[in-house]
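Asker: model the structure of this input:
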Amino acid sequence: MHKIFICITIKDRIKFTLACIKSIYAQNYKNIQIIISDDASIDNSAEIIKSNFSDVIILKGDGNLWWTGGINLCIKEALKLGDENDFIFTLNNDTILPDKTFQILIQHAHKYPKIIIGILNRIIDDRNKIECSAFLKRQKGIIKGSYYAIFNTFDSINKIDKEYYEVDSLTGKGVLIPLVVFNEIGCFNDSIRHYHADTEFFIRAKNNNFNLHYLTTSFLYSDTKETGIGTKYTNKNFIQFIKSFFTLKSPHFLPALVIRSKLIYNRFWPYYFLISFLGICGGYIKRVIK
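Answerer: The predicted model follows:
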């Protein structure tokens, strides 16, 4: 039986972490190992986790890991413990897993070689709505080569018409990845410290002949209110929106957008960076008008 190493990064928010871990241990697939990187939490997260779940491996950070450093720390530990037939499952601590999540994932993985599987993210406060987590590459038009969400956040699950979709990139929230992927292409890129490191990694995997599936029969519940500042998940405040371009806690963080654009689009990066920036601004205007 394949072992699944569940890799989670945390910084405080112990309430969310405990609920997430409980949902993992409630799975009917039991060959699992939870690995958590605790990036200098001040709410005694590590001690509370250990007192409740002694089997969890906890790795300590210095407060500067952010998502990418933390998830890479977990992955490197999993690579020491696992073998080539095992899997890593990347997860956020503000999520809950239904009880058959891993069983469905492993069954799907057995059907397809060299497969990376992202699962459907459903919004915890409205479980019939989707949080975007899978992307396709535009094959034609003036913005050919850029990426767009296969489903937008707040779309209804009634839009889903397939068991799975072949996609070109994923977010890192709920993704099953064979250990061999990391042996072949390395870990997430540390130069993108928080948001967008996942997008770049999965595009890199796709370019190295790993297939990406977006599986809709396996899913998690995501607390979108906990997502970074200035986004469609939080509020319409203009000051918060402007600040979102200058903080690592936001997917709008300009240096991260620049690095991602350079890594994915090479010499054409200014063009696609501008497309991303205008899309963010357009999205803000649209939700303010609505």
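
Asker: all helices for the stretch 101-250 of the chain, in order.
Answerer: Ranges of helices in the stretch 101-250 of the chain, per DSSP state H, counting those that start in this stretch, are 101-111, 179-185, 197-207, 238-243.

Asker: tell me where the longest strand sits in the chain.
Answerer: Ranked by residue count and defined by DSSP state E, the top strand of the chain is strand 211-222.

Asker: hang on, the earlier thing: nearest to Tyr265, of the helices of the stretch 101-250 of the chain?
Answerer: In terms of C-beta to C-beta, the element of the helices of the stretch 101-250 of the chain nearest to Tyr265 is helix 197-207, at 10.1 Å. Where you see a C-beta, it was placed from the backbone N, CA and C, and this is true even at glycine.

Asker: packing partners of the closest one?
Answerer: Judged by 3 or more C-beta pairs under 8 Å, 6 or more residues apart in numbering; DSSP states H and E, the packing partners of helix 197-207 are strand 115-123, strand 169-170, helix 179-185, strand 211-222, helix 254-265.

Asker: measure how the fourth one sits relative to strand 115-123, angle-wise.
Answerer: Regarding strand 211-222 and strand 115-123, their directions subtend 30 degrees when assessed with axes from the mean of the first three to the mean of the last three C-alpha atoms, to 10 degrees.

Asker: tell me the helices and strands packed up against the longest strand of the chain.
Answerer: Counting by 3+ C-beta pairs under 8 Å, 6+ apart, strand 211-222 packs on strand 95-96, helix 101-111, strand 115-123, strand 164-167, strand 169-170, helix 197-207.

Asker: mind putting the helices of the stretch 101-250 of the chain in JSON lines, distance to Ser191 and mean pLDDT included?
Answerer: Shown next, in JSON lines, are the helices of the stretch 101-250 of the chain (distance: least, C-beta to C-beta, whole Å; pLDDT from 0 to 100):
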{"stretch": "helix 101-111", "distance to Ser191": "30", "mean pLDDT": "96"}
{"stretch": "helix 179-185", "distance to Ser191": "15", "mean pLDDT": "96"}
{"stretch": "helix 197-207", "distance to Ser191": "8", "mean pLDDT": "93"}
{"stretch": "helix 238-243", "distance to Ser191": "23", "mean pLDDT": "84"}
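
Asker: nearest to Cys132, of the ones you listed?
Answerer: Of all the helices of the stretch 101-250 of the chain, helix 197-207 comes closest under C-beta to C-beta, at 11.5 Å.

Asker: list the buried residues of the closest one.
Answerer: Of all the residues in helix 197-207, those buried under the rule 16 or more other C-beta atoms under 10 Å are Ala197, Asp198, Thr199, Glu200, Phe201, Phe202, Ile203, Arg204, Ala205, Lys206.

Asker: find the nearest non-adjacent residue to Ala78, please.
Answerer: Spatially, and ignoring its direct neighbours in sequence, Ala78 is nearest to Phe5 (3.7 Å; C-beta to C-beta, 6 or more residues apart in numbering).

Asker: so which helix or strand takes in the one you found?
Answerer: Following DSSP states H and E, one finds Phe5 within strand 4-10.

Asker: I'd like the next helix or strand past that strand.
Answerer: Following strand 4-10 in sequence, per DSSP H and E, is helix 14-25.

Asker: what mean pLDDT does that next one have?
Answerer: Mean per-residue pLDDT for helix 14-25: 96.

Asker: from the contact counts, what lies against that helix?
Answerer: Taking 3+ C-beta pairs under 8 Å, 6+ apart as the contact cut, helix 14-25 packs with strand 4-10, strand 32-38, helix 45-52, strand 95-96.

Asker: distance to Asn189 and mean pLDDT added to these, as TSV?
Answerer: What follows is the helices and strands packed on helix 14-25, written out as TSV (distance: least, C-beta to C-beta, whole Å; pLDDT from 0 to 100):
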stretch	distance to Asn189	mean pLDDT
strand 4-10	15	97
strand 32-38	17	97
helix 45-52	26	95
strand 95-96	23	96
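
Asker: now do the longest strand of the chain against helix 14-25, angle only.
Answerer: Interaxial angle of strand 211-222 relative to helix 14-25 (the same axes, to 10 degrees): 120 degrees.

Asker: where in the stretch 101-250 of the chain is pLDDT low?
Answerer: 226-236 (pLDDT under 70).

Asker: ok, now with 80
Answerer: Scanning the stretch 101-250 of the chain for pLDDT under 80 picks out 142, 193-195, 224-236, 248-250.

Asker: ok so, going back, right, and the helices and strands packed on strand 211-222 - which one's nearest Leu59?
Answerer: Checking the helices and strands packed on strand 211-222 against Leu59 by C-beta to C-beta gives helix 197-207 as the closest, at 17.8 Å.
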